[in-house]
Structures are given as C-alpha cells and as structure tokens.
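Asker: Sequence and predicted structure, then a few things I'm wondering about:
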Amino acid sequence: MARSSVATLFTGLYPESHMVRVMTNKLSNRLLTIPVYLKAKGYRTSLFTAAGNISENMGFARGVDDYFPNIGEWRRAEGGNLPRRFVGGLDREGPLFSYFHFKEPHLPIVPPPPFQDMFSAPKDRAFDHGVLEEFQRKIHAERPFGPDEVRAVVDNYDAAIAYVDAELGKLMNS
C-alpha cells in the first residue's frame, strides 16, 4: 500500500510504529514528519500527489506550505499550471523540500504513451482503465503469474519509472 510506504518515508518509522497499514488509518498528528521538521528549519515545503490516499485528509499535508492534489490533471490540461507552480517555488529564497507522488509506477502499472511500449513489443491495447480489471483477474487467479506476465509487469514498471523521470526532468529544466 502506497500510503504505508509514504508514511514510512515521511516518519522513518516501520508500519508497526506509525500504524498506517489499512485504508482507514491516517498518519497521526503526534508523529514528526519530514515536512514538519524541515518547515521548522526554514524550508518551504510542498506536496504534489496523484493519489487520494496520500492527501491532506490522510494527514500527509501537515507541515506542508503548498499542497497540490491530483497532479495527473496537469498532464492533460492545456499549459499545465502545476509545473509552473513548482518552478515558481524554485525562485524563492531559502531551501525547498518537495515530495511528488505519481500513480504510474503503482499497480496495475500502465505507463502513458509514448512510454507504454518502451521496454516491450507494442501492445494492441488502448491506454484505459480496463487494464486494471485485467490485472485484478490475474492476481485473484489460482495460478501463479507466468514468465511472460512477470516480464510484462517489470517492463511496464521500468517504462513508468522512465515516464516519471522524464516528467521530473522537464520540471528541473524549466
């Protein structure tokens, strides 16, 4: 679960300590997080998230100066204002801490075009949410994933990481 992993990154604690292990658990206000600590040290902090469970409602925006949910929306929007907001933050004086949470490297791992077929043969499939249903059927099947299915997941993960790297590269070069 992404939320548990991010809680571990933000606190330095194992899930057994921060207790963010199920969908209903929020990140406790009693725990020191990286944004809270760095804000107290004079950093400007920001959180860009495409995941509803890495959100203000789940306790992840505590200590965050600039909170931007739904980062996937700027990709599709004309002129995307979110990258400009991030780059504008770079012009401020003082240190900056920003956390970006993309959905693409998470299951079912469907990187957007043109990255979709970067490490595998082109797929005759549209970029849509039907892939999630197909992946869930395979997970719940009573047989293990075959070598080709494992290779497809790894190829898609590598392509999703390449996509995220390209997006962050665009931001840093702006």
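Answerer: Here it is on my side, so go on.
Asker: Which parts of this structure are helices?
Answerer: Secondary structure of the chain, counting by DSSP state H: helices at 2-11, 15-18, 34-40, 72-76, 81-90, 130-139, 147-172.
Asker: Could you report the pLDDT at Arg75?
Answerer: What the model reports as pLDDT for Arg75 is 50.
Asker: sorry, back to before: could you tell me the least trusted of the helices of the chain?
Answerer: When the helices of the chain are ranked by mean pLDDT, helix 72-76 comes last with a mean of 52.
Asker: and the spatially closest residue to Ala61 that is not a sequence neighbour, how many residues sit next to it?
Answerer: Among residues not flanking Ala61 along the chain, Tyr67 sits closest, at 4.5 Å (CB to CB, 6 or more residues apart in numbering). From N, CA and C alone the C-beta is placed, and that goes for glycine too. Counted with other CB atoms under 10 Å, the neighbours of Tyr67 add up to 16.
Asker: and if you look at Met118?
Answerer: By other CB under 10 Å, neighbour count at Met118 equals 16.
Asker: which residues does it contact?
Answerer: By CB atoms under 8 Å, 6 or more residues apart in numbering, the contact list for Met118 reads Pro111, Asp155, Asp158, Ala159, Ala162.
Asker: What's the ChimeraX line that selects buried ones from those residues?
Answerer: To isolate the buried ones among the contacts of Met118 in ChimeraX, judged by 16 or more other CB atoms under 10 Å, type:
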select :111,155,158,159
